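> predicted coordinates and the sequence they were generated for:
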Amino acid sequence: ADVKPAIIYDLGGKFDKSFNEGAFNGAEKFKTETGTAYREFEIANDAQREQVLRRFAGDGNSPIVMAGFNWAAALEKVSAEYPDTKFAIIDMVVEKPNVKSIVFKEQEGSYLVGVLAGMASKSKTVSFIGGMDIPLIHKFACGYVGGAKSTGKDVKVLEAYTGTTPEAWNDPVKGGEIAKSQFDQGSDVVYHAAGGTGVGVLQAAADAGKLGIGVDSNQNGLQPGKVLTSMLKRVDVAVYNAFKTAADGKFETGISNLGLKEDGVGYAVDDNNKALLTPEMTAAVEKAKADIIAGTVQVHDYMSDESCAY
Amino acid sequence: MSNPYAKLPVWVDYGLIPLINLLVAFLVAGLVVLLVGENPLNAAYYMITGAFGRGEYLGFTLYYATTFIFTGLSVAVAFHAGLFNIGSEGQAYIGGIGVALACLWLDRVLPWYGVLPLAMIGAAFFGALWAFLPGWLQAKRGSHIVITTIMFNFIAASLMVYLLTRVLKPMGSMAPQTRTFDAGGQLPKLDWLMGLFGLNIGNAPFNISFLLALAAAFGCWVLIWRTRFGFEMRTMGHSPSAARYAGISESRITIIVMMISGALAGLMALNPIMGEQARMQLDFVQGAGFVGIAVALMGRSHPAGIIPAAILFGMLYQGGAEIAFEMPAISRDMIVIIQGLVILFAGALENMFRPAIGRFFAGLTARAPAARQAKGA
Amino acid sequence: MSDIAIELKGIDKRFGLVHANKAIDLTVRKGTIHGIIGENGAGKSTLMSILYGFYQADSGEILIDGRPVTIKDPNAAIAAGIGMVHQHFMLVENFTVLENVMLGAEDSQILNASIAKARVELKRLEKEYALEVNPDALIEELPVGLQQRVEILKALYRKADILILDEPTGVLTPPEADHLFRILAQLKAQGKTIILITHKLREIMAITDEVSVMRRGEMVATRPTQATSVEELAELMVGRRVLLRVEKGAALPGAVKLKVENLTVRDGRGVTMVDNVSFELKAGEIVGIAGVAGNGQSELLEAISGIRRAAAGTVLLNGSAIDVTGRADPAELRQRGLAHVPEDRHHVGLVLKFEEAENSILGYHREPTYGKGPFLDLGAIRREAEESIRKYDIRPPDPRLKTANFSGGNQQKIVLAREMERGPDVLIIGQPTRGVDVGAIEFIHKRIIEMRDQGVAVLLVSVELDEIRALSDRILVMFAGRVVGERKADAPEGELGLLMAGIDGKMEAAQ
Amino acid sequence: MDFFLSLVAILESTIRLSVPLLFAALAGLFTERAGVFDIGLEGKMLGAAFAAGAVAAVTGSVWLGLAAGILVSVALSLVHGYAAITQRGSQIVSGVAINFIVAGATVILGEAWFRQGGRTPALSGSARFQTIDLPFADALRGVPIIGPIYSELLSGHFLLTYLAFAMVPLTWWVLYRTRFGLRLRAVGENPGAVDTAGISVVWMRYRAVICCGILTGFAGAYLSLAMTAGFVKGMTAGKGYIALAALIFAKWRPVNVMFACLLFGFLDALSIRLQGNPLPLIGQVPVQFMQALPYLLTVILLAGFIGKAIPPKAGGVPYVKER
Ligand SMILES: Nc1ncnc2c1ncn2[C@@H]1O[C@H](COP(=O)(O)OP(=O)(O)OP(=O)(O)O)[C@@H](O)[C@H]1O
Ligand SMILES: Nc1ncnc2c1ncn2[C@@H]1O[C@H](COP(=O)(O)OP(=O)(O)OP(=O)(O)O)[C@@H](O)[C@H]1O
Ligand SMILES: [Mg+2]
Ligand SMILES: [Mg+2]
């Protein structure tokens, strides 16, 4: 096909073992399947956003997919300058005629891993570690709390954030230390939504003989047998689809909000964690999933009112 | 404090030696490029064409340079008073508050030229405020300014995050940034200036804060060399004991100079906030305060040296981005290395080649008429 | 042959532009005390530091006991049996005496054993040479005299056969100096060789066997002490007859210009440096303050001129008080007619990196004549600088030249021109001719007398007793922070010397 | 009892967090006591963490990793030494330069070699340090008071943790009880005295700088090989600066350094622990405030409310005998 796709990662970097890496995997999958090459770029600072967008657009790349909500403002400007170029942005809504906005219902996926955590916990205390303290991450936390509490009123959920600067995505030392502090407070399952910081969280959980829960990509393999599951956010699928539909000439603009129903989020089961999931847990989580898809259970979206109802 | 080496012609002192130091810094950076498995010559080519190859690229180069002129001046002014302000980074960051407040308040009411003066005052005020505290602590409590300004950089980061995530961020938005300003909060580009040279600015955010930076550079020159206050601060910078003797209050100078330095750093915020992004976002300073150290060292703390040094670093930033586009193995962190190397060779090792150069020139002038070093009395 | 301890041949040394030693030859015989004299900056310290390996000669040869040696560092000198007491003591101030003596001569990696051994050895040396000092005292708590003792002990501890003393008596009171000379005599009796640097001719005549004279980096003569005289040495030193007496008429003192009452100054550590000092200074007179360096003169000057805060007391300038215990401001005092030539021109009186013209307004830079409002008028400043350059014959006559590039004498003239040319009521001068050559000394002395004759009240501090005696109308002697006596200008030198040592003849008699 | 247990937990976290500070601050103690100031601790630590992580990942040996960390940090120290001692350049500027060079180089090289966004591959097994249980730790665990203190607080740390704390008396002993220490302190107070005593000032200072390199090497290796399992870009996150502050706070004395590092470690541990838990009386404290607290406290403490910190007299100035 006659497409020149391009992907641009966010500050965390291509190999963050989570969000950006998911995007990269989607692009790679597209490349191996279709044999079509794509261009990519990792920005190093915010000032580069518009610059790289214009450059890629100016070079005739389309579609240009960008990973991360931080791209919104730049995209808003540049998409108007290149009306013939197709853009896709993940994690944010930009309402322009040539932009596809892909957002996820992370609260739904988080709810599921919350259910698993609540059931796996012996101490009835589980915990959450976020990266940067921003609403998007609270969205993860809130869904998780909802899921965990759904397994019993007495389940306690600890919640903490690594920091408030972008470095918070990249501080495994601190992540590990926060995890240990939560273990000391009784937690025995920890879910992270903290990018690179999460590597330290999962490590600390494994070291302490507790369970970790990965995020975005399937992180079960990072500490085999020590990661209960991973909350999958199918960024890879989103990127792959964007590339693929464009290649097939079926690229659609507008908002797509991917939840459990669309298979945009989910939880990971593989050889690494099979043994950790009891049949009851599997049953409970599948039921929750079905309920959510059916609409009988509504998972609260933190970003709708910036507060968590659980 | 005496000049440890024989006198050299001015152009050698201020031109040749910095140039050689710079060259060595680039040579070492070239080695790093080799280590990564890329061709340094290619990198150099991309860097130069990427920085100057097109009107747009030049526009970006000058856009970055604008920022670095402000921070370079900030560091240099403090240098003249013998103060090492490592805190320009934090001061610029806090200075952003002033710009943002002015824009958020008035961008829908006034045109840009109405907002700009207020934004300038705000930037300078907040930057000065953030420098006042370390200055005051040094003057009155003797806490070392290098250490306190480092601490204040960290504190500024925390404070700004708090403000941007809790206070200034519009409801419902996720990114830690203010809302986008309307026309009143956006500075006009200098496309006409580039146009004079037949260049097309393209999308480059090269804006009128560049002219402000040039004015600031001139102002600094006047301040340092043409005012009584400048005289006092240079006296203190060269010899605190002579300053005391001359009745110059060390604490007064320290505090005022730090505030001027902080104000200059704060003004830097105009460029990215009003000149480019039209909003204030997290970490918009992007290390420019630290680049200022390198710029001041390269430019020998003289405005006339700081401007070219700032353009040089603008070139590094813009050209470096182009390298990163063209050579996947090299990311923008290359620039951080080069920056460090420039600081090392132009700063800490500035005298490494001086003896050899001195000897060379001594050889040249040996036969010149008896040196003007007339013996007195 | 073997009675030669040291032979230096063609030693040459440059520091940048300064040619400190020019092809110097020197022979020192074993078991003698060899004096080296010369003006400030003649190159004495440099030569000895080369012998001690502290500096490296650019060319030349060193022979010890007839054998050529290369002394590439102090270690080699120590190994060759050379010890040196430096002009500026080389002691670690917050270490004890014992640690200082041991430093560099510890004989094991672990200190304990070395300490015990050093303690014993130190006791022995103390006894042998009557060099008593508490081994556990911190250096910073010792008076200078004792600090010098530690330096000598350091050399002896290293078993030096050749001992170099660089201006050892500059910081000593006459009795202390006498004690030192007794020790030197004793060392000589034991067969040690001693090189003594000084510019006090009296000391040379009293104790040395031979004396060498240096002038402007050259070795101009060596004489057996017996065969020379003070006059000859003085002439050799400066290259012509010295004018010790300054021509001046009688003083006509007028109104009291400066009145100091019960002034007390403490240093950073709380040690009293100036102790309840009172005196008056009248228009048209020169009051000299004599004393061995470090007896509070510097602190007195600094307190009066507002650089240093006093602990107690009052100072009246032209009848109105100076806030010496609070925030006396040197700038304000200048406006009120008090000019100050500081002792240390390099670090205090001048900014060496400034142009001459800039230094010519240092402290007066706020005056309206130098510009409008906050701005400086460089043209006016340079024009005025050119004028004082002419008047004071400052060379080279270039107001834009960096001050560091002027010689010491010319630098001093820059300071003097600045402080004298504004018609002050009171002029405070510290060490007006330190490190200044003879031609300039004459000029400076003349100017000071002229100021007096114009009715300026002059307060003069100098460690050169000759200078004090030549210029002053009245002499105050300071010892241990107190004014221990006031004498007429023609008081005998011996009496002043005793006062400087803290011995008041009359009080002594009374007791 | 509950309070006691959480106190033990906070203290345990304090120990973990103060180890890199302690190594780095003691490293700074060595050079600064010898008269060479060093704000490049951060960069050296980062370089060491990277080298340690990279080599351990490639070789699978924690010891080779440690050695590489030390090697790199010593090499960086020598660069600082060359600039500050041999070339008599500004020590602050040289330190700043090293921080930059390392911050950039670790990312560039890490990305080029491992292609994981500046990270080194995660370490496991013998490629990283394992915790050590002190004898009888398990047996004593149940005993009240003593049990938690011994088995939780004191036992179960890394070899490097114990080494760091052992370095405190060792440093004290070296500085105050050996010839090397005597000379080192002397060279920071009055290099002229050392020079005329026949000791090479330059060599003395270089040795001090090398000691600093070795200790920052440990600090860095602790971060990437013990505390976590691998290197991540910028993982020192300002610890070098905090160590420097601790050193000043401790007035350049070894035992004080330990307490200062423990204090800063404690603040860090506390801020982690307090997150999300409202404080009694004060209520909910913004995270940002807790995160800025160590820096704020440092500033307040530096402002002289703890008496004056007088640095080594010859510190920060190059030794020049011939002008
Ligand atoms: N370390 C140095 N670097 C540069 N110049 C120096 C140095 N030491 C001395 N000089 C210069 O060398 C010349 C000789 O100095 P030296 O100290 O040897 O004189 P001196 O005879 O000992 O004088 P004084 O009686 O004042 O001690 C002077 O001009 C001095 O300024
Ligand atoms: N600190 C310094 N920095 C740079 N140059 C200096 C310095 N000190 C001295 N010089 C140079 O060395 C020359 C000799 O200086 P020095 O003070 O030794 O002069 P001098 O021979 O004592 O002169 P004078 O007769 O005036 O006392 C000066 O003319 C000056 O150019
Ligand atoms: Mg001398
Ligand atoms: Mg002289």
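Thanks, I have the structure now. Numbering: from 1, shown residues only, chains lettered A, B, ... in the order given. Ligands and ions are numbered 1, 2, ... in the order given.
> ok, and what's touching the longest helix along chain C?
Counting residues, the longest helix found in chain C (DSSP state H) is helix C:111-129. Contact partners of helix C:111-129, identified using Cβ atoms under 8 Å, 6 or more residues apart in numbering or on different chains, comprise C:97-98, C:101-102, C:105-108, C:131-133, C:135, C:152-153, C:156-157, C:183, C:186-187, D:177-179, D:181-182. For the C-beta atoms, the positions are set from N, CA and C on the backbone; glycine is no exception.
> tell me the buried residues in the helix or strand just after it?
Taking DSSP states H and E as the definition, the helix or strand that follows helix C:111-129 towards the C-terminus is helix C:144-157. Of the residues in helix C:144-157, C:144-157 count as buried by neighbour count, 16 or more other Cβ atoms under 10 Å in any protein chain shown.
> can I get those in CSV with distance to chain B and pLDDT?
Conversion of the buried residues of helix C:144-157 to CSV gives the following (distance: Cβ to the nearest Cβ, whole Å; pLDDT from 0 to 100):
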residue, distance to chain B, pLDDT
C:144, 21, 78
C:145, 27, 80
C:146, 28, 86
C:147, 23, 88
C:148, 26, 88
C:149, 30, 88
C:150, 28, 92
C:151, 26, 92
C:152, 31, 91
C:153, 33, 92
C:154, 29, 92
C:155, 30, 91
C:156, 35, 91
C:157, 34, 92
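> export the residues you listed to TSV and tack on distance to residue B:211?
As requested, the buried residues of helix C:144-157 are exported to TSV (distance: Cβ to Cβ, whole Å):
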residue	distance to residue B:211
C:144	61
C:145	67
C:146	66
C:147	62
C:148	65
C:149	69
C:150	65
C:151	64
C:152	69
C:153	69
C:154	65
C:155	68
C:156	72
C:157	70
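> adding distance to ligand 1, write those out as TSV.
Conversion of the buried residues of helix C:144-157 to TSV gives the following (distance: Cβ to the nearest ligand atom, whole Å):
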residue	distance to ligand 1
C:144	16
C:145	19
C:146	22
C:147	18
C:148	15
C:149	21
C:150	21
C:151	16
C:152	19
C:153	23
C:154	20
C:155	19
C:156	23
C:157	25
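> now, which of those residues sits nearest residue B:117?
The closest of those to residue B:117 turns out to be residue C:144 (Cβ to Cβ; 61.9 Å).
> which residue sits closest to the closest one, ignoring its sequence neighbours?
Of all residues not flanking residue C:144 in the chain, residue C:171 sits nearest, at 4.4 Å (Cβ to Cβ, 6 or more residues apart in numbering or on different chains).
> so that neighbour makes contact with residue C:291?
No: taking Cβ atoms under 8 Å as the definition, residue C:171 is not a contact partner of residue C:291, at 11.6 Å.
> the more surrounded of the two?
With other Cβ atoms under 10 Å in any protein chain shown as the criterion, residue C:171 and residue C:291 differ in neighbour count, and residue C:291 comes out ahead with 29 against 19.
> mind checking the backbone torsions on the residue nearest to that one when sequence neighbours are not counted?
Take residue C:291 and drop its neighbours on the chain: the residue closest to it by Cβ to Cβ, 6+ apart is residue C:478, 3.9 Å away. In this entry, residue C:478 is assigned phi and psi values of phi -110, psi 140 (degrees, to the nearest 10).
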